[in-house]
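*Asks:* Please work out how this folds:
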Amino acid sequence: SIEVLLEVPQKNDWRIISTGGEFVKHGLSFSGRQAESVIDEYNVDLAVLSCKGLDMEKGVTDTRDYNAQIKKAFMRSARKIFLAVDHTKFDKTSFVRFAEISDIDALVTDVEPSDEWKSYLASNNVELYY
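*Replies:* Numbering: from 1, shown residues only. Now for the predicted structure:
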């Protein structure tokens, strides 16, 4: 995401690597095989991903296939996967699934989830932070 690249330089001790690939104007991001190929070359300790929907049956979903493919590439490269979602994403589905809940190591959200969600996350070995 171009927006992230513009914000990160304020953290002067961070090393920034951009994927390149096809520029997606409405998402201000890079996508496609070239971006996936770059991501696949790296091994990262932690990937922090977002999503458009989180559903107990449908899993972790996003609006566009190219976003889902990039997120899958990050998941392949990462040792740990954190999902950052606000409370409005729970019990929602979007167009394409890119992960199962059990693929996630931790979920970070802004509001305490329902007891049902807390139990579901625990049963899938997902750490919860709110």
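*Asks:* Helices along this structure, start to end?
*Replies:* All helices of the chain, identified by DSSP state H, fall at 2-7, 33-40, 65-77, 115-123.
*Asks:* hmm, who's touching the second one?
*Replies:* Around helix 33-40, the neighbours that count as contacts under CB atoms under 8 Å, 6 or more residues apart in numbering are Ile17, Thr19, Gly20, Gly21, Glu22, Gln69, Ile70, Ala73, Phe74, Arg76, Ser77. Glycine gets a C-beta too; all of them are placed from N, C-alpha and C.
*Asks:* Now for Lys25, how many residues are close by?
*Replies:* Taking other CB atoms under 10 Å as the criterion, the count of residues near Lys25 is 7.
*Asks:* Give the buried residues for stretch 33-49.
*Replies:* For stretch 33-49, the buried set under the neighbour-count rule, 16 or more other CB atoms under 10 Å, comprises Ala35, Glu36, Val38, Ile39, Ala47, Leu49.
*Asks:* Below-threshold pLDDT in the protein: ranges please.
*Replies:* Low-confidence segments of the chain, defined by pLDDT under 70, are located at 9, 11.
*Asks:* Spatially central, which residue of it would that be?
*Replies:* In the chain, the C-alpha closest to the average C-alpha coordinate belongs to Leu49, at a distance of 1.9 Å (CA atoms, centre = their mean).
*Asks:* can you pull the contacts of it?
*Replies:* Under the criterion of CB under 8 Å, 6+ apart, the contact list for Leu49 reads Lys71, Phe74, Met75, Ile81, Phe82, Leu83, Ala84.
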